[in-house]
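Undergrad: Sequence and predicted structure below; questions after.
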Amino acid sequence: MKHRSPLITLVAVALAFAIMFTVNMLASPPGNSSAEPPSPPAPPATTAANSTSPSPAGPPAASPSPTASKSAEDSKFPQKVVYAGRAEEGAGAIAVAVLGTKSAAYFCDGRSVEAWYRGPVAGADISLKSKKGAILQASLDSDHVKGWLRVKNERIRFEIDEAKKPAGLYRARGSKTTIGWIVLEDGSEVGVQRTGEDSAPAPKLNPDSPQVTVNGEQLDAAPVTGDEDL
Amino acid sequence: MASIPAPAPEAAPAQPSGTKIGPVVIAFAVGTVVSIALGVYGRLHTPTGYAVNISGFSTGPAAKAFLATIVIILAIVQTVTAMGIYGRIPLHGAWVNPVHRWSGRLAVLISVPVAVHCLYALGFQAYDGRVIAHSIFGCFLYGAFVFKMLILTRDDAPGWALPLAGGLVLTGLTALWITAVAYFFFV
């Protein structure tokens, strides 16, 4: 003998799944996730063309996930601050610069992988995106910043401390080449230079006289403070 | 979900002879396929990082933790009524079976928004042990649920099959709750 009602329950649950998925997919990214800080509008899809480049191949995702950080709720970022450190599991280095309500961040592995992120600051939380839509999300936890980012479809976690000059985040931009450096508190540098689709380890940067020569072109490197249009 | 008809199977303790193992194997296989499919989807689908918020809660995780806790409470009701049905504890009355059935239906329905949020917004992740366990048990739970529903349709399944299926569901649920909600509240 067979009973049908468990099958009906099964179908009802499958339907509930389908409905929830549909609702989620129909919901427009920024508007419906109410508790989240606003994120900048998604960049145009033109950058998606160079998908072979070693840049963040992250998803064009919407506002970040609610990975709550309980202890950070009553603190907020200083007006102007830079954090830098190594990502977990030796994945590379990460720097986050905050200026007022804007923030910028850079991740690179010192060899070829790099990504620039920018986005707004909301209290003790920042939610940034790269031009390709990869997410970086972090919260202030007393005096260090804890969070995760996506780059090349990898999820990388980090926990970094404030970086006092000359440590910090530097950037140089030439006609074709962009270079990012993360200078750590111990003086070591992690950087990547990119020319079009090609990327390579960055040349040595002297934070005291931040000039480098790339392909015969002399570039001035400047500290990134957070409000740059990267 | 008033459309679900009330008459449902009686989970009779021991089946007479003539039980078949075939349907159990098939049900288990279907459940396994569901688990694997969920895991593959969760891994391949790029997490959006967001999902529709359930209003009335401070954060998405708080809403999920609350709903998951309701599900756990209903699962305790499930366990107690199941023990009554199987005569392990003195629980008698016409209400026991309907309570078991409807608490189960309610539990699984409440779990759906939580699971969809996990799958759609976060995906199958493996960046630490807790998260790996949670991802695996999340996929496991719905496979176990499918297994149990399919077992329920057969009176000719061996007597041990249904308690096994129910036990798997409870195991999955408890593991999920510990690896997420307990972590959210207490760690």
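TA: That came through fine. Numbering: from 1, shown residues only, chains lettered A, B, ... in the order given.

Undergrad: which neighbours does the one helix or strand residue A:179 maps to have in its sheet, and in what orientation?
TA: Element membership of residue A:179 [criterion: DSSP states H and E] is strand A:177-183. Note on strand A:177-183: by DSSP bridges, its sheet partners are strand A:168-173 (antiparallel), strand A:189-195 (antiparallel).

Undergrad: For it, give the mean pLDDT please.
TA: The average pLDDT within strand A:177-183 is 91.

Undergrad: Dump that strand to CSV, restricted to CA.
TA: Below are the C-alpha coordinates for strand A:177-183, written out as CSV (Å, rounded to 0.1, in the frame of the first residue of the first chain):
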residue,chain,number,x,y,z
THR,A,177,50.6,50.9,-16.5
THR,A,178,49.0,50.9,-13.0
ILE,A,179,51.0,49.7,-10.0
GLY,A,180,49.8,49.0,-6.5
TRP,A,181,52.0,48.5,-3.5
ILE,A,182,51.2,47.5,0.0
VAL,A,183,54.0,48.5,2.4
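
Undergrad: Format the strands paired with strand A:177-183 as CSV; extra columns: distance to residue B:125 and mean neighbour count.
TA: From N, CA and C alone the C-beta is placed, and that goes for glycine too. Output for those, formatted as CSV (distance: least, C-beta to C-beta, whole Å; neighbours: other C-beta atoms under 10 Å in any protein chain shown):
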stretch, distance to residue B:125, mean neighbour count
strand A:168-173, 28, 22
strand A:189-195, 26, 22
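
Undergrad: can you put those strands in CSV and add mean pLDDT?
TA: Output for these, formatted as CSV (pLDDT from 0 to 100):
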stretch, mean pLDDT
strand A:168-173, 91
strand A:189-195, 90
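
Undergrad: Tell me which of those approaches residue B:31 most closely.
TA: strand A:189-195 (46.9 Å; C-beta to C-beta).

Undergrad: got the contact list for the strand holding residue A:179?
TA: With contacts defined as C-beta atoms under 8 Å, 6 or more residues apart in numbering or on different chains, strand A:177-183 is touched by A:84, A:93-95, A:106, A:108, A:114, A:116, A:163, A:166-173, A:189-195, A:202-203, A:205, A:207, A:212, A:214-215, A:217, A:219, A:221.

Undergrad: Likewise for stretch B:114-131?
TA: With C-beta under 8 Å, 6+ apart as the criterion, stretch B:114-131 contacts A:17, A:20-21, A:24, A:65, A:148, A:155, A:157, B:38-39, B:41-43, B:45-51, B:60, B:64, B:67-68, B:71, B:132, B:135, B:138-139, B:141-142, B:179, B:183.

Undergrad: Span of that stretch from start to end?
TA: 15 Å (C-alpha to C-alpha, to the nearest Å).

Undergrad: next helix or strand past the helix or strand bottoming out on mean pLDDT in chain A?
TA: Between all helices and strands in chain A, the lowest mean by mean pLDDT, DSSP states H and E belongs to helix A:29-32, at a mean of 42. Downstream of helix A:29-32, the first helix or strand assigned by DSSP H and E is strand A:80-86.

Undergrad: Quick one: mean pLDDT for that following strand?
TA: Averaging pLDDT residue by residue across strand A:80-86 gives 92.

Undergrad: Now do the strand holding residue A:179 and strand A:80-86, the angle between them.
TA: Orientation check (axes from the mean of the first three to the mean of the last three C-alpha atoms, to 10 degrees): strand A:177-183 against strand A:80-86 gives 80 degrees.

Undergrad: Give me the buried positions along the helix or strand hosting residue B:75.
TA: Using DSSP H and E, residue B:75 falls within helix B:60-85. In terms of neighbour count (16 or more other C-beta atoms under 10 Å in any protein chain shown), helix B:60-85 has its buried residues at B:60-68, B:71-72, B:74-75, B:77-78, B:80-82, B:84-85.
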